[in-house]
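Engineer: I would like the atomic coordinates for the input below:
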Amino acid sequence: MTKVTQYVVLYLYELRFSDGFVCPKCNHDKHWKIGELLFECAKCGHQTSVIAGTIFQDTRKPLMDWFIGIWWLSTMKTGASALGLQQVLGLKSYQTSWTWLHKIRKALVNPNRSKLSGSVEIDETIIGGVATGKRGRGAENKVYHCGRA
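Structural biologist: Just a heads-up that it's a prediction; the model follows:
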C-alpha cells in the first residue's frame, strides 16, 4: 500500500469511526486490523470495512482515483461530464465514469438541506441561436431558464 493510500484509508477511518471503533454488530470497542481496509471485532469476530456502506463499496479501482474524481467534480465551475471524468482519471470505460459521476453527485447532496426562504436572488438566461433581424429579447424560438442562488 502506498503512502498516499495509507493517508486515504486513515482519513476514511477517522470519518467513519470519529469517536473510535465501535463494532456495528455488538458495539464492542476493541478490534484488530486484518487488511488494508478491513477490521475485526475482538469480541464477536464481525468484520467491517471503512468503505462498507459508502460509494466506495465494491470498487476495484484505487481509492485515490475516487478522491481525485470527487475533487475534480466539486471544483468544476462549468459543470462536469462523465466523459470529462473519464479523461481526468484515465478510465477505459465510459460506463464506469458515468456510474462514478452519479454516485459522487448523489453523495455530495445534503439530504437535510432546507428550502430557500427570505430574500432570494435569481437571474435568467436565454438559450438559443442568434435570430437574424431581431434585437434584444424579442427573438423567437428561444428558451428562457431561471437560476437561483
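Engineer: Which of the helices or strands spans the spatially most central residue of the chain?
Structural biologist: In the chain, the centroid-proximal residue (CA atoms, centre = their mean) is Ile104; its distance is 2.4 Å. For Ile104, the enclosing helix or strand under DSSP states H and E is helix 94-108.
Engineer: quick one, what contacts the residue nearest to the centre of the chain?
Structural biologist: Going by CB atoms under 8 Å, 6 or more residues apart in numbering, Ile104 touches 55, 66, 69-70, 73. C-beta coordinates here come from the backbone N, C-alpha and C atoms, glycine included.
Engineer: Make TSV from the residues you listed and add secondary structure, pLDDT and neighbour count to it.
Structural biologist: Compiled in TSV, the contacts of Ile104 are given as follows (DSSP: H, G, I helix; E, B strand; the rest coil; pLDDT from 0 to 100; neighbours: other CB atoms under 10 Å):
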residue	secondary structure	pLDDT	neighbour count
Ile55	coil	93	17
Trp66	helix	95	20
Gly69	helix	95	22
Ile70	helix	94	16
Leu73	helix	92	20
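Engineer: so which pair among those is furthest apart in space?
Structural biologist: Largest separation among the contacts of Ile104 by CB to CB: Ile55 and Leu73, giving 11.8 Å.
Engineer: OK, contacts around Tyr94?
Structural biologist: 82-83, 86.
Engineer: Enumerate the positions of the host helix or strand of Thr5 that are buried.
Structural biologist: Secondary-structure element containing Thr5, defined by DSSP H and E: helix 3-16. Applying a neighbour-count criterion of 16 or more other CB atoms under 10 Å, the buried positions in helix 3-16 are 8-9, 12, 16.
Engineer: So which residues of this protein form strands?
Structural biologist: 31-33, 38-41, 47-49, 122-127, 143-148 (DSSP state E).
Engineer: Number of residues surrounding Pro62?
Structural biologist: 14 (other CB atoms under 10 Å).
Engineer: ok, it - contacts?
Structural biologist: Contacts of Pro62 by CB under 8 Å, 6+ apart are Thr5.
Engineer: how far away is it from Ser18?
Structural biologist: 24 Å (CB to CB, to the nearest Å).
Engineer: Same question for Leu89.
Structural biologist: 28 Å.
Engineer: okay, these two: which has more neighbours?
Structural biologist: Of the pair Leu89 and Ser18, Leu89 is the one with more neighbours under other CB under 10 Å, namely 19 against 7.
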